[in-house]
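>>> pasting the sequence and the predicted coordinates here, then a few questions.
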Amino acid sequence: MIDVGLGEPDFDTPPHGVEAAHQAALRGETRYPPTNGTQEMRQAVVDKLKRETDLSFAVDAMLELLKDADMVVHFGAYGAEAPFQTILGPNIVGAYNIWEAAYRNGVRRVVSAEPVLRSGQQCPRRQRLAEV
């Protein structure tokens, strides 16, 4: 059994993290952020992935497609077991484009029929849960 109830890391917070938290508190940023993160955080993730991969982010194209939409049904993703680099584009970046554009356009209903292969880490089909 693995206890994940407390959620405490097993290392000290790095000094730059402490300073960033301090500066955020001084700016009055003391509440929980939106569940999908702040716009700045989401953009920082996109910028990092653009620097480190050859992936294409098409949020602007999605923004136009979802303009005035009431609902989005998203079926896209790589649906087989695969290494992380294989699923990163279709499963993570593709979903990001849809979700971010829906959020920015105020779309209130998004049906996401994607496989569970977000991380690329799942038990092989033949492996029993008890063996994990």
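Arrived safely, thanks for sending. Residues are numbered from 1 along each chain as shown.
>>> that's a strand at V110, yeah?
Yes. Note on V110: a strand contains this position according to DSSP: H, G, I helix; E, B strand; the rest coil.
>>> measure how buried it is and give me the count.
Residues lying near V110 (other Cβ atoms under 10 Å) number 17. Just so you know, the C-beta spots here come from the backbone N, C-alpha and C atoms, and that holds for glycine as well.
>>> contacts only, for it.
Counting by Cβ atoms under 8 Å, 6 or more residues apart in numbering, V110 touches 71-74, 98-99, 102.
>>> among those, which lie within strands?
71-74 (DSSP state E).
>>> go through this protein and flag its longest helix.
Assignment by DSSP state H gives helix 39-52 as the longest helix of the chain.
>>> who touches that one?
For helix 39-52, contacts defined as Cβ under 8 Å, 6+ apart pick out 33, 36, 55, 57, 59, 93, 96, 100.
>>> quick one: the residue nearest to N36 when sequence neighbours are not counted from I87, how far?
Among residues not flanking N36 along the chain, Y103 sits closest, at 6.2 Å (Cβ to Cβ, 6 or more residues apart in numbering). The gap separating Y103 from I87 is 22 Å, by Cβ to Cβ, to the nearest Å.
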